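Engineer: Below is the structure, and that's it, no one-letter string:
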C-alpha cells in the first residue's frame, strides 16, 4: 500500500514546520483513544454490571480476557505500523474503535437475542460477548491508536522532541482528567447507550481527520526532523541522539528495555485497577461518586506540571533520572490507596497519581526512540505496548478479588508499594544502550 504523503496536500508546502501539525494531530489521536482506555471504560462499569447481569468479578474477568488477548498481537501491530505508517494504522484502529463502541451501545439487545436464539443463559452470553468487545476496544483504542499517535509525534522531532512532547502531554493529561466527567455528563444528559453512540460518532470524525492530516515521518515528505538542523543545546545533548537503530530482538535483549518497560507496566497496572474500580474504592472509604470522579481534576493539574517539567528536562538530562522520580510517584500512588481511609491518603494519592501519570507520558514516548532509534520504533514500542496492555488486563480482577476477599482495597495498595520498591532496587543498572 502506497503512503501517498503528498495527498491530499504536500506538508512541505505548509509555510511552517509540519511537525507542529503532526504534534497536534497525534495529541488528538491519543485523546480519541479514551473510550478504549480504562478511564473511559470505568464510567460505564456499573451500567454494564447491571444491564449485562454480571457481578464485578465477572466483568473484571471479561476485561482481563479481552485485554490479554489484545496484548498478544500488539507487537505484530507495531510491525504493521512500521510497514504502512501512522495514517493507515490510525485510520484502521479508529474505525475498529468506532464500530466497537456502537456494539457496546447495543450490547444488551445483542446478548438478549443470542440468549433466546441459542437457549443459553443471558449472563453466560453477555460474558462471552463483552469479552470479545473488550478485546476489540482495548486492541484498537488503548493499543494501536495510541501507539500510532504517540509515534507520529516522536518521528517528527529529534532535539525538540521533549518540547513537542511537553505540549502534547499537558493537553493529554487535561483531556484524560476531564474525560470521566464529560462521559458522565453524556450519560446523565441522555443514557449510557446514547453516550456510547456519541463517542462512536466522534471517533468516526477523527477517521476523516487522520486521513487528511496524519503523515508518518518528515523524510518521506521531503523534510527533516525539527524542520532544520539544530545545534546541540548542551555539551551532553549530542549523546541523546541515537547513533544506531536497534532491531526488536536487539532491543529486547537489553536490561534497560525491561526495566523501563516493567516500570511503565506498573503504572498501567495500578492506574487501570484504580480507575476501573474508582467509584467502589472511594465508596469503601466513605466517599461519594462525585468525590471519586472529581479526583482526576487535581491529579491532572499535578500531572500537567510534572509532564511539562519532565519533558523539558528530558532534553537536557538522562531518562534514568526521570525514571527514579517516576517510580517515587508510583510509590506514593500505591501508598495513597493503602491509606485512603485517612484524610492524608487522599492527597498522597492525588500527588502520586499526578507525578506517575505525568512522567509516564514522558517515558512512554521518549524512551524508545532515544534508546533504540526510529527505524524499528513501531515494533519496539509495540512490544512495550503489548506488555503495558497485558499489565492493565490483570489489574481490574486483581483489585476486584482483593475487595471480594477483604471488603476494601488497602491490600492492593500495600502490594503495589512492595512492587515499586523492587523496581527501584533494579533500576540502578538501567543505562542508555547508545552510550555503550
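Structural biologist: Sure, I can see it. Note that the coordinates shown come from a computational prediction; the quantities given were computed from them, not determined experimentally. Numbering: from 1, shown residues only.

Engineer: after the helix-or-strand element of the chain with minimal mean pLDDT comes which helix or strand?
Structural biologist: Within the chain, no helix or strand scores below helix 289-294, which has a mean of 77 by mean pLDDT, DSSP states H and E. Secondary structure here is assigned by DSSP states H and E; on that basis, the next helix or strand after helix 289-294 toward the C-terminus is helix 296-314.

Engineer: List the contacts of that following helix.
Structural biologist: The list of residues contacting helix 296-314 from outside it, by C-beta atoms under 8 Å, 6 or more residues apart in numbering, reads 39, 161-163, 165-166, 169-170, 172-174, 176-181, 322, 325, 329, 350-351, 353-355, 357-359, 361-362, 366. No exception for glycine: its C-beta is placed from N, CA and C like everyone else's.

Engineer: if we can go back for a sec, now do the least confident helix or strand of the chain: everything it contacts.
Structural biologist: 43, 180, 181, 184, 278, 279, 281, 282, 283.

Engineer: before we move on, what about stretch 67-82?
Structural biologist: The contact list for stretch 67-82, computed with C-beta under 8 Å, 6+ apart, reads 89, 134-136, 138-139, 142-144, 147-148, 151, 248, 376-383, 385-387, 389-390, 392-394.

Engineer: in it, what's buried?
Structural biologist: In terms of neighbour count (16 or more other C-beta atoms under 10 Å), stretch 67-82 has its buried residues at 67-71, 73-75, 77-78, 80-82.

Engineer: Could you pull up the mean pLDDT of that stretch?
Structural biologist: Model confidence over stretch 67-82, given as mean pLDDT, is 85.

Engineer: chain center to it, what's the gap?
Structural biologist: Distance of stretch 67-82 from the chain centroid (C-alpha atoms, centre = their mean, to the nearest Å) equals 14 Å.

Engineer: Which residue lies nearest the spatial centre of the chain?
Structural biologist: residue 142 (5.4 Å; C-alpha atoms, centre = their mean).

Engineer: For that residue, give me its contacts.
Structural biologist: Listed by C-beta under 8 Å, 6+ apart, the contact set of residue 142 reads 33, 36, 37, 38, 67, 70, 389, 392.

Engineer: What is the three-state secondary structure of it?
Structural biologist: Here residue 142 takes the helix state, with states given by DSSP: H, G, I helix; E, B strand; the rest coil.

Engineer: how near is it to residue 361?
Structural biologist: 14 Å (C-beta to C-beta, to the nearest Å).

Engineer: ok, residue 408 - how many residues close by?
Structural biologist: Around residue 408 sit 17 other residues, with neighbours defined as other C-beta atoms under 10 Å.

Engineer: next SSE after the host helix or strand of residue 77?
Structural biologist: Secondary structure here is read from DSSP H and E; on that basis residue 77 sits in helix 74-84. Note on helix 74-84: by DSSP H and E, the next helix or strand toward the C-terminus is helix 86-105.

Engineer: in the least confident helix or strand of the chain, what counts as buried?
Structural biologist: 292, 293, 294.

Engineer: number of nearby residues for residue 121?
Structural biologist: So residue 121, with other C-beta under 10 Å, has 10 neighbours.

Engineer: Which pLDDT value goes with it?
Structural biologist: Per-residue confidence (pLDDT) for residue 121: 90.

Engineer: Thought residue 112 was touching it, still the case?
Structural biologist: No. At 11.7 Å, residue 121 and residue 112 do not qualify as touching, with contact defined as C-beta atoms under 8 Å.

Engineer: Buried ones among the contacts of helix 289-294?
Structural biologist: Buried subset of the contacts of helix 289-294 (neighbour count, 16+ other C-beta under 10 Å): 43, 180, 184, 278, 279, 281, 282.

Engineer: For those, work out which two are farthest apart.
Structural biologist: Spatial extent of those (C-beta to C-beta) is set by the pair 184 and 281 at 16.4 Å.
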